[in-house]
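Enquirer: curious how this folds, go ahead:
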Amino acid sequence: MFLDYDLLIILMWCIISVMIVFVIIMSLYYIVYWRISATPVVKVPHSDKLSKFAVLIAARNESKVISNLLESLKNQTYPRSHFDVYVIVEREDDPTIEITKNFGFDYFVRDQLEEGRKTKGFALQECINYLWRNNLEYDAYMIFDADNILDNNYIEVMNDLRQTGVRVGLGYRNFTNANTNWLTVGSAIMFTYMNQVTSKGRSLVFHKATLMGTGYYVDDRIIRDAGGWIFTGMTEDIQLTAYCYYHDIYMRYYPEICFYDEQSPDYHTVHMQHLRWLAGYFQRRTFLMKAGIQHDYHSKGLQSMMRFEFKAGLIPFVIFNVVNFFTFVICFVCGSLAVVQRAGIYDISMLFSLGIFALLLNYFSFVIPALICIHRDDDKLQLTRRNKVVGVLTYMFFFYEFALAFLDGLFHPKKKTNWAKITHTGEVTHNNIKK
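Expert: Residues are numbered from 1 along each chain as shown. From the prediction side, this is the model:
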């Protein structure tokens, strides 16, 4: 039975055209973000008023890398009397404790390690509850991972930001090992996009930002209003971001100051990270709406708009890629069938051409953002010429790994709650960063 290839070609053209129009309409705010994210950053003024910070570091079995972060904290320009450091571990015999004591900082050993409570969010909750029980009061909490390294004036600038009224602040996420391989390059491009486009755009339009696991501070008042640290899911950063959107809390991304993060070069580890992030992203968030108080920083209309933007997120882009991918598959299968059935050369060539066009649309929807991110942040990323090319050419495959992680989680749901250890090398030291 012969297919009506002319009708099929028209249908495929319509699908591709509708997808292009759909993604443009649904992503108008991202087009705005691309434009305004190129504007210079308005620098915050220095303030002589000092906040008291509690620096919280979840550091289970991180003795291999913790020294670099503690060294950068020891060298902060911010007065030592106005920030305390708490390294959170799970065992009294963790070598991380001895390293922490050698730097003169405090540590906290968890004792609530029941099944399901081993996430970073529960570690932060347990430590904050300990501080509250012991009447250790702070203006804000600053969250870092053990593999981070800070610019020497990071806390000082975060304090300046807080004195402008920002209740949740985030600095620029840079990378210690972006040049290692295509996976670390892909991670660098992805986080740079989230930094310099999404967070910067949201800061300028809605006074919001996208928290990415670490490098941010949150006011004590925000946590108390919520009834404690309630962000204990697989991705506590996404939950806190959602909470700030729901309650209209003043956030700001400030790229004039950097913290540095080590990216995993191992595919298995990256895959498990992606699986966990997706599991956290799809966890329920309705309880966040009921907690806390409403700040009403914006009008009701603008609040509705920014919540829609946050909920939509990458959904239009994902739909665009999925539909285009299946369009490519359908065109390729039908084109092959047309060859077998000896259809006309026009039908065969058009089907294969449409399939290739759909695939190229997908590919260049990754190539163009990667090019722009690398170009805009060339001085910070410092990628080699080879890795710039590798990053642009492979970014789609790095991002499509999320699709593999999604399918893996679908067929192996237990993996979604598996808090696997991420091994860090710590090869780039605080002294390397200073140089």
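Enquirer: isn't there a helix covering residue 49?
Expert: No: read with DSSP: H, G, I helix; E, B strand; the rest coil, residue 49 is coil and lies in no helix.
Enquirer: that one: neighbour count?
Expert: 8 (other C-beta atoms under 10 Å). For the C-beta atoms, the positions are set from N, CA and C on the backbone; glycine is no exception.
Enquirer: need the helices for the stretch 101-250 of the chain, in chain order.
Expert: 120-133, 154-162, 182-193, 200-206, 220-225, 236-246 (DSSP state H, counting those that start in this stretch).
Enquirer: can you pull the pLDDT of residue 424?
Expert: Among the per-residue scores, residue 424 shows a pLDDT of 60.
Enquirer: of all the helices of the stretch 101-250 of the chain, which lies closest to residue 28?
Expert: Ranking the helices of the stretch 101-250 of the chain by proximity to residue 28 (C-beta to C-beta) places helix 200-206 first, at 11.6 Å.
Enquirer: please state the offset of that closest one from the chain centre?
Expert: Taking C-alpha atoms, centre = their mean, to the nearest Å, one finds the center of helix 200-206 at 16 Å from the center of the full chain.
Enquirer: rewinding a little: can I get the helices of the stretch 101-250 of the chain in CSV including mean neighbour count, mean pLDDT and distance to residue 277?
Expert: CSV is the format used below for these (neighbours: other C-beta atoms under 10 Å; pLDDT from 0 to 100; distance: least, C-beta to C-beta, whole Å):
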stretch, mean neighbour count, mean pLDDT, distance to residue 277
helix 120-133, 19, 95, 12
helix 154-162, 23, 97, 25
helix 182-193, 23, 94, 11
helix 200-206, 21, 90, 19
helix 220-225, 18, 95, 23
helix 236-246, 23, 92, 8
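Enquirer: among these, which is nearest residue 305?
Expert: Judging the helices of the stretch 101-250 of the chain by C-beta to C-beta, what sits closest to residue 305 is helix 200-206, at 7.9 Å.
Enquirer: output the contacting helices and strands for the closest one.
Expert: helix 28-36, strand 251-261, helix 300-312 (3 or more C-beta pairs under 8 Å, 6 or more residues apart in numbering; DSSP states H and E).
Enquirer: can you say which of these is packed in most?
Expert: Most buried of the helices and strands packed on helix 200-206, by mean neighbour count (mean count of other C-beta atoms under 10 Å): strand 251-261, with a mean of 22.
Enquirer: by how many degrees do it and helix 154-162 diverge?
Expert: Relative orientation of strand 251-261 versus helix 154-162 (axes from the mean of the first three to the mean of the last three C-alpha atoms, to 10 degrees): 170 degrees.
Enquirer: tell me the secondary structure of residue 88, please.
Expert: Residue 88 ends up strand, using three-state DSSP.
Enquirer: what about it, how many neighbours?
Expert: Neighbours of residue 88 under the rule other C-beta under 10 Å: 22.
Enquirer: for the one 5 residues further on, same thing?
Expert: When counting by other C-beta under 10 Å, one arrives at 8 neighbours for residue 93.
Enquirer: ok, now residue 382?
Expert: For residue 382, the tally of surrounding residues (other C-beta under 10 Å) stands at 13.
Enquirer: how about residue 407?
Expert: By other C-beta under 10 Å, the residues close to residue 407 number 11.
Enquirer: again, but for residue 109
Expert: 16.
Enquirer: contact partners for it?
Expert: When contacts are counted by C-beta atoms under 8 Å, 6 or more residues apart in numbering, residue 109 touches 89-92, 97.
Enquirer: on that earlier part again, output the helices and strands packed on helix 200-206 in JSON lines; the columns should cover distance to residue 71.
Expert: JSON lines is the format used below for these (distance: least, C-beta to C-beta, whole Å):
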{"stretch": "helix 28-36", "distance to residue 71": "36"}
{"stretch": "strand 251-261", "distance to residue 71": "12"}
{"stretch": "helix 300-312", "distance to residue 71": "37"}
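Enquirer: tabulate the helices of the stretch 101-250 of the chain (CSV), appending distance to residue 79.
Expert: Listed next are those as CSV, based on distance: least, C-beta to C-beta, whole Å:
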stretch, distance to residue 79
helix 120-133, 20
helix 154-162, 9
helix 182-193, 31
helix 200-206, 27
helix 220-225, 19
helix 236-246, 27
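Enquirer: just give me the longest helix of the chain.
Expert: In the chain, with assignment by DSSP state H, the single longest helix is helix 345-376.
Enquirer: quick one, that one and helix 28-36 angle?
Expert: With the same axes, to 10 degrees applied, the angle from helix 345-376 to helix 28-36 works out at 50 degrees.
Enquirer: give me the packing partners of helix 345-376, helices and strands only.
Expert: Checked by 3+ C-beta pairs under 8 Å, 6+ apart, helix 345-376 has helix 5-26, helix 182-193, helix 315-340, helix 385-411 packed alongside it.
Enquirer: could you list the low-pLDDT ranges of the protein?
Expert: 1-5, 26-27, 416-435 (pLDDT under 70).
Enquirer: just want the most central residue of it.
Expert: For the chain, the residue nearest the mean C-alpha position is residue 212 (3.8 Å; C-alpha atoms, centre = their mean).
Enquirer: nearest to residue 386, of the helices of the stretch 101-250 of the chain?
Expert: Comparing the helices of the stretch 101-250 of the chain against residue 386 with C-beta to C-beta, the closest turns out to be helix 182-193 (9.7 Å).
Enquirer: ok, the closest residue to residue 206 other than its chain neighbours - contacts?
Expert: Nearest residue to residue 206, sequence neighbours excluded (C-beta to C-beta, 6 or more residues apart in numbering): residue 306, at 4.1 Å. Each residue near residue 306 by C-beta under 8 Å, 6+ apart is listed here: 202, 205-206, 208, 245, 298.
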